[in-house]
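Undergrad: attaching a predicted model along with its sequence, questions to come.
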Amino acid sequence: MDMKERIALLRQHEPDCYGACLYLLQSEQMACEAAQHALCALARSDAFFTADAKTRSVLLRKQAMQSSLQIKKQTLHSAMA
């Protein structure tokens, strides 16, 4: 799969990724940042692009959760400093 096809597939999943991040973070700004990180990570994942639709959805949610937690940790550390 070439980069154009990868980007097209990621764009199809962008709303779901952002929605999951927004649900977890309850902040549009943090959700946008987390979704960007998640989609960039998925862009580098061959497993995401070779998976079937159901597995791809699981991988998307998993990465959205990981990215959301990372953004939340960064925000808390910044607030404590």
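TA: Yep, it's here.

Undergrad: tell me which residues in the helix or strand harbouring residue 4 are buried?
TA: Assessed by DSSP states H and E, residue 4 sits inside helix 3-25. By neighbour count with 16 or more other C-beta atoms under 10 Å, helix 3-25 contains the buried residues 6, 9-10, 13, 17-18, 20-22, 24-25. Using the backbone N, CA and C atoms, a C-beta is placed for each residue, glycine as well.

Undergrad: center of the protein - which residue?
TA: Nearest to the mean C-alpha position of the chain, by C-alpha atoms, centre = their mean, lies residue 38 at 2.6 Å.

Undergrad: show me what the longest helix along the chain is packed against.
TA: Of all the segments assigned as helix in the chain under DSSP state H, the longest by residue count is helix 53-80. The contact analysis (3 or more C-beta pairs under 8 Å, 6 or more residues apart in numbering; DSSP states H and E) places helix 53-80 against helix 3-25, helix 28-43, helix 46-50.
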